[in-house]
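Colleague: give me coordinates for this.
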Amino acid sequence: MAKAGKRFRRLKRALRRPFEWLGIGLGYLVFTNLTHKGMLRVCDFVSAVMYRFDRKGRDNAHFNLGVMFGSLDPKREELIVRGSYRNMARAVGHAFWTCRNAVARARKAGEMSPRGAAFLSANKPAVTVSGHIGCWEILSQLAYLEGHQMMSVAKDIGTGAMTKLLMKARMSIGQEIVPAAGAFRPLMAGIKAGKSLGLLVDQKVKPADGGVWVRFFGQPVSVSAAPAFFALKAKAPTIVAWSRPLKDGRYRCEVINTYTADDAKDVWGMTQRCLTDLEGVIRRHPGCWVLNYHAFRRTPKPEGVAKLAENEAKAAERAAKGVVE
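Modeller: Predicted structure coming up:
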């Protein structure tokens, strides 16, 4: 049965590749030749189609909302899920749209808040942290426009050739993209050379791959501790931010929180705080988050539960001492 399941999954991937290539090719051919408004209209159409046919994704979205908020009004829940698909399609559309005239188009599509601009001006290099909320693709672009040499991480999508093609699209503005597999060495070398890092921390990373168990919407999740780790090693400050969608289809990069290099000495504590920062924004804007990702379906093993409890106890003890002092 296990072998049959593996063969079936390989067959599905093989059958899916032509359609993935078609989607990537259309992204290059269509999105790069559209106006900004035209790109948004196409994305909204695509999102409606995705919502209609992505049954598994819709199920994940409703499950996640149940974990996050408990029972919601069905009509409101549907609007949130539809909004999430729309936001995701626009974020991907933006990545393709900025393949051409990247600098000019990034300036047209987004703006940096004064607080964000002030932080980036005063801190080079920096670790920039966000999640898959708003248009995560534009955050590193805006930091690049503020004068930072940026390095980000990309996971494999589809075939190796397709992953390279998507990486090439994301590098069009001048930022560096490194594959997730083996990213540690180039990221460490980059930040030590004065380059800033753009990292997303709201997806699962196994403890064996550098993940740590923290709380997210009250649930244990294993996420990357890379932001705190690199900030600690490079003695660099950290900014947690997100790109707020504006009514005209543009984005505004807003600061959620900032941390000093000393804050990174507590790697687990800073990782937890970054997730809590993002949770606050997602609670206010759930339709801006990628809800169809299976965020809460993995539970820790007993040793993971014990480690999380230990870290939470230490954090509570430090907090109590701080109050006393």
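Colleague: state the mean pLDDT of stretch 52-64.
Modeller: Across stretch 52-64, pLDDT averages out at 94.
Colleague: buried set for it?
Modeller: 57, 58, 60, 61, 62, 63, 64 (16 or more other Cβ atoms under 10 Å). The way it works is simple: take the backbone N, C-alpha and C, and place the C-beta from them, glycine included.
Colleague: now do it: distance to the chain's middle.
Modeller: Centroid separation between stretch 52-64 and its chain, computed with Cα atoms, centre = their mean, to the nearest Å, is 19 Å.
Colleague: swap in stretch 178-189?
Modeller: On Cα atoms, centre = their mean, the centre of stretch 178-189 falls 17 Å from that of its chain.
Colleague: one more: stretch 206-222?
Modeller: Mean C-alpha position of stretch 206-222 versus that of the full chain (Cα atoms, centre = their mean) differs by 15 Å.
Colleague: give me the distance between the two termini of that stretch.
Modeller: With Cα to Cα, to the nearest Å as the measure, stretch 206-222 spans 6 Å from end to end.
Colleague: what ranges do the strands span in the stretch 1-150 of the chain?
Modeller: Per DSSP state E, counting those that start in this stretch, the stretch 1-150 of the chain carries strands over the ranges 110-112, 127-130, 150-154.
Colleague: any idea which of those is most buried?
Modeller: Burial of the strands of the stretch 1-150 of the chain is given as mean neighbour count (mean count of other Cβ atoms under 10 Å); strand 127-130 ranks first at a mean of 28.
Colleague: coming back round to it: residue 292 is nearest to which of the strands of the stretch 1-150 of the chain?
Modeller: Among the strands of the stretch 1-150 of the chain, the nearest to residue 292 by Cβ to Cβ is strand 127-130 (18.3 Å).
Colleague: give the pairing partners of that closest one; include direction for each.
Modeller: With DSSP bridges as the test, strand 127-130 is paired with strand 196-200 (parallel), strand 238-245 (parallel).
Colleague: could you dump those into JSON lines with distance to residue 80 and mean pLDDT added?
Modeller: Below are those laid out as JSON lines (distance: least, Cβ to Cβ, whole Å; pLDDT from 0 to 100):
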{"stretch": "strand 196-200", "distance to residue 80": "21", "mean pLDDT": "96"}
{"stretch": "strand 238-245", "distance to residue 80": "14", "mean pLDDT": "98"}
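Colleague: Throw those strands into JSON lines and include mean neighbour count and distance to residue 82, thanks.
Modeller: Listed next are the strands paired with strand 127-130 as JSON lines, based on neighbours: other Cβ atoms under 10 Å; distance: least, Cβ to Cβ, whole Å:
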{"stretch": "strand 196-200", "mean neighbour count": "25", "distance to residue 82": "23"}
{"stretch": "strand 238-245", "mean neighbour count": "24", "distance to residue 82": "14"}
